[in-house]
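**Student:** Here's a sequence, model it:
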Amino acid sequence: MVGRLEIIETQMSEIVAAVRRMLESPAFKLCLIGFLILLLLLPLAMAGALVSEREARAQGVRNEVAQIWGQPQSLNGPFIVVPYTVKIETKDGDKRVETVVERRAVFTPEQLDITADSSSQVLHRGLYDVNVYTAKVGVSGRFSAPDMSLVVADPQTVRWNDAVLVLGLSDVSGLKEAASIKIDGTQDIPFAPSIGMAGSETSGIHVRLSNIASGMPIASDAPLKAFAFEASLTFTGSGQLSFAPVARETRIAMTSDWSSPSFSGAFLPAERAVTDRGFTASWRVPHLARSVPEAWVGNDQGIERLHPHLFGVSFYQPVDFYDLVNRSAKYSVLFLAAAFMAVFLLEVRSQKRVHWVQYVFTGIALTFFYVLLLSLSEHIGFGKSYLIASAATGGMLAVYVSRAMHSHKAGVAMAGVFTLLYGMLYLILRLEDYALLAGAMLGFAGLTVVMFATLRIDWSGSQQRTA
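**Tutor:** Numbers count the residues shown, from 1 in each chain. Presented below is the predicted three-dimensional model:
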């Protein structure tokens, strides 16, 4: 009986020793580090949610400022809108009922030339910056004599005397000066509010053509004749400025002092030049490039018919620090893995051991880097914030590792590692078009270094046991 107990005690001792050796082996420590990285994904997700919440708040502030200063603007027009009536026959049992229905014909210009000069500025509200602009726009061109046969074969009446010239503007509250128009070189005629079409919710301004005194293209209720026009507008907006290619030939020339434009929409500029002082761009769009006729019935499809063909420029801000913080957080797992692996390599090559709790503290500190970076960026900008946050985090962790391992060399080595990691991360963030390539190359290089640096490590700890 005693012999059996001794055998059991010996087996239990061997099992305990084997478990202890496994727990102390480098392989188990590496698996534990991987598990800790997975646990740290939770605080990393919380940091990412904080960035998203602050970014949403900033967007809310931009929207509030835009409500006061001016929304993204789109210029659509001008058009001629002519009311007319037609008879529609319906059957009521055996009877035929004739109903007179009023409709509107919409005619586009034969030629349209737009010149736009935009001056930009950045408004500050609390911690947030909002890009806004003031645009001075000149609109000129020519209308052919409207041909009602393009819209309706047999109108009952055409109310030429109620024809209006319509100019759509997405946010008329941005108009800061009185707008006027010249027709065939006559005196300036002021625009009236709305687009002059009852029941329409489209935003814009209009002129009744019958109100034009000298050089009037309308005599009594006679059909409209061909005429030239020239108008000028001054309005404010934010974020984006777009135009609609309404004419048979639309030509637009734009200048701005904004140095980071993003051209978007249905058509890109035929010519462009971007410098540190601003940009110039020009578009030329023939009517064949858009699937819109020269005239249509406005009751079914109003002037909004050109909205899918809008084009223009967005006043893009390439140094949005929320975007940069978000992008840096995407490399957080790679960053944690590289930092933990550096500590692990120092540990396995020395006689000192780093407790797993100390790895947790190191991971939390690396996660808090993003919170520190975000909070500082809202006050002093991304560049200075990144320098301060990286120096504070990297310096503190270098000292912490030095004290934990009782080795100044380990602290110096970790300081070098964090300098390299934070420097490479900053470089990746600045390489907008090559960020993925740079990140992939950095990850591959780090993996290669770790693989060859750990080539002679006894992962099971068997050599240590033999010794």
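**Student:** what's the neighbour count on Gly174?
**Tutor:** Gly174 has 24 neighbouring residues, counting by other C-beta atoms under 10 Å. Using the backbone N, CA and C atoms, a C-beta is placed for each residue, glycine as well.
**Student:** Ser328 too?
**Tutor:** If you count neighbours by other C-beta under 10 Å, Ser328 ends up with 23.
**Student:** is it true that it touches Leu427?
**Tutor:** No: counting by C-beta atoms under 8 Å, Ser328 does not reach Leu427; the two are 11.5 Å apart.
**Student:** hey, what's in contact with both of the two?
**Tutor:** Counting by C-beta atoms under 8 Å, 6 or more residues apart in numbering, Ser328 and Leu427 have no shared contacts at all.
**Student:** Would you double-check that Phe229 falls in a helix?
**Tutor:** No: remark: Phe229 does not belong to a helix; assigned using DSSP: H, G, I helix; E, B strand; the rest coil, it is strand.
**Student:** Tell me the bridge partners for it.
**Tutor:** Gly141, Ile183 (DSSP bridges).
**Student:** do you know how far it is from Val207?
**Tutor:** 9 Å (C-beta to C-beta, to the nearest Å).
**Student:** what's the answer for Val371, then?
**Tutor:** Val371 sits 57 Å away from Val207, going by C-beta to C-beta.
**Student:** Quick check on those two: which one has the bigger neighbour count.
**Tutor:** Per other C-beta under 10 Å, whichever of Val371 and Val207 has more neighbours is Val207, with 24 against 16.
**Student:** and the more buried one, helix, strand or coil?
**Tutor:** strand.
**Student:** which strand is the longest one in the protein?
**Tutor:** strand 73-92 (DSSP state E).
**Student:** tell me what that strand is packed against?
**Tutor:** Applying 3 or more C-beta pairs under 8 Å, 6 or more residues apart in numbering; DSSP states H and E, one finds that strand 73-92 contacts strand 95-107, strand 128-143, strand 157-158, strand 164-169, strand 204-208, strand 227-238, strand 240-243.
**Student:** The residue nearest to Arg290 when sequence neighbours are not counted and Trp356, how far apart?
**Tutor:** Residue nearest to Arg290 in three dimensions, not counting chain neighbours: His309, with 4.8 Å by C-beta to C-beta, 6 or more residues apart in numbering. Remark: distance between His309 and Trp356 (C-beta to C-beta) = 62 Å.
**Student:** Looking at the two, which is more packed in?
**Tutor:** For His309 versus Trp356, the count of surrounding residues by other C-beta under 10 Å is larger for His309: 21 against 12.
**Student:** tell me the contacts of that one?
**Tutor:** Ala244, Pro245, Gly265, Ala266, Phe267, Arg290, Val292.
**Student:** list the contacts for the closest residue to the second one other than its chain neighbours?
**Tutor:** Here the nearest residue to Pro245 in space, its sequence neighbours aside, is Val285; by C-beta to C-beta, 6+ apart that works out to 3.9 Å. Neighbouring residues of Val285 by C-beta under 8 Å, 6+ apart: Pro245, Glu249, Thr250, Arg251, Phe267, Phe311.
**Student:** The helix or strand harbouring the third one to strand 128-143, inter-axis angle?
**Tutor:** Put plainly, it is Thr250. Here Thr250, judged by DSSP states H and E, is contained in strand 249-256. Counting by axes from the mean of the first three to the mean of the last three C-alpha atoms, to 10 degrees, strand 249-256 lies at 150 degrees to strand 128-143.
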